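> Everything below, folded, please.
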Amino acid sequence: MEVKAKSKNLKIKVPNTTAFKFKTSSDLPKLHQNCIFVGARGSGKGVAMSNMIRMFQQDGNMDRVLCISPTFLSNKEILKDLKIDPEDVFDPDDKECIQKIRDIVQGEVNDLEQYKSEMKLYQQFQKKLESSDFISDDMLESFYKDGDFKPPEHRWGGREPVLALIVDDCQGSDLFRNRKFQNMVIRHRHEGQFKKGGALGLSLFICVQSYKAQNGCPRSIRNNVTSLVLFKTKDRKTLEEVSEEVAGEIAPEVFLDVYERAVQGEHDFLFIDLHKKPEHSSMFRRNFDTFLTI
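Predicted coordinates for the structure are as follows:
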């Protein structure tokens, strides 16, 4: 038996927000991402990862790419198109690397907030010029540069930049056992708090050779995955582990079917989008360009 409560104040109000902050083109996944690439050495996971980020960049949705990797220089050819600043590359053995990355994200927030504050002053300055109102010396000096009055500048043109973090070749380090790193993964879309509310966020692209096995991804990272890229493997245990993770979406036998359909070539992979867009025909793809219906 059900009895409805009389009070209307008990109804849940759903906030007008989304877990995916930035709009992307129709065929691309949502942003922010916590994407894990799982494949053996030489499988092509680094190439797939860099191409995924490149696609977001070409879509106008990836402005600054950070990287934690001890092998960045040896993988420079794979990553060269992403235009990663050497100052944005960190060693996983650096105990301060997570705090440094958080400082970068918060720094972008601070720069944007300062720019918007200065723009308000500049607009006031422009009105005073047009109306011939009194303008203080401090205000005049604020906008006088190179012989002219100029508006404030912002690296990203006054918009919120999209930030990415690559984590590659770090499974043997202490990084995955670092609680600060795990916490950053859990709250990746909440990194970089704005004073007005909300956050800038950070997308993560993590390459690993094993999924749940020893030195694999901790549960805290796996539980927050938005998409998963699985390369060809002879290890049935890995397939079982991934199948268990997506068990809420499809049955194990269906998962194995789409996996076999995806990994036809040596460097093919199964792309699993756990938060697919409504217009996408399937959460599964062979590579990035072919949807696999079930």
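> Point to the residue nearest the middle of this structure.
Nearest to the geometric centre of the chain sits residue 203, at 1.1 Å (C-alpha atoms, centre = their mean).
> That one contacts residue 165, doesn't it?
Yes: with contact defined as C-beta atoms under 8 Å, residue 203 reaches residue 165; the gap is 7.1 Å. Just so you know, the C-beta spots here come from the backbone N, C-alpha and C atoms, and that holds for glycine as well.
> For the stretch 51-200 of the chain, which segments are assigned as strands?
Assigned by DSSP state E, counting those that start in this stretch, the stretch 51-200 of the chain shows strands spanning 64-68, 89-90, 144-145, 148-149, 163-167.
> and the last one with strand 64-68, angle?
Going back to what we said before, that points to strand 163-167. Relative orientation of strand 163-167 versus strand 64-68 (axes from the mean of the first three to the mean of the last three C-alpha atoms, to 10 degrees): 20 degrees.
> Show the average pLDDT along strand 163-167.
For strand 163-167, mean pLDDT rounds to 97.
> again, but for the second one
In this model, strand 89-90 has an average pLDDT of 97.
> Give me the sheet partners of that strand and which way each runs.
When pairs are called by DSSP bridges, strand 89-90 turns out to pair with strand 64-68 (parallel).
> where does the partner strand sit relative to the chain's centre, distance-wise?
Its chain's average C-alpha position is 10 Å from that of strand 64-68, according to C-alpha atoms, centre = their mean, to the nearest Å.
> And for stretch 175-189?
Centroid separation between stretch 175-189 and its chain, computed with C-alpha atoms, centre = their mean, is 13 Å.
> Extract the C-alpha trace of it and format it as PDB.
What follows is stretch 175-189 as a C-alpha-only set of coordinates in PDB (Å, rounded to 0.1, in the frame of the first residue of the first chain):
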ATOM      1  CA  LEU A 175      51.400   7.600  -8.400                       C
ATOM      2  CA  PHE A 176      48.500   5.200  -8.500                       C
ATOM      3  CA  ARG A 177      48.800   4.600  -4.800                       C
ATOM      4  CA  ASN A 178      49.000   8.300  -4.100                       C
ATOM      5  CA  ARG A 179      45.800   9.300  -2.300                       C
ATOM      6  CA  LYS A 180      46.100  12.900  -3.800                       C
ATOM      7  CA  PHE A 181      46.100  11.500  -7.300                       C
ATOM      8  CA  GLN A 182      43.100   9.200  -6.600                       C
ATOM      9  CA  ASN A 183      41.300  12.100  -5.000                       C
ATOM     10  CA  MET A 184      42.000  14.200  -8.100                       C
ATOM     11  CA  VAL A 185      40.600  11.500 -10.400                       C
ATOM     12  CA  ILE A 186      37.400  11.200  -8.200                       C
ATOM     13  CA  ARG A 187      36.800  15.000  -8.300                       C
ATOM     14  CA  HIS A 188      38.300  15.700 -11.700                       C
ATOM     15  CA  ARG A 189      35.400  17.800 -12.900                       C
END
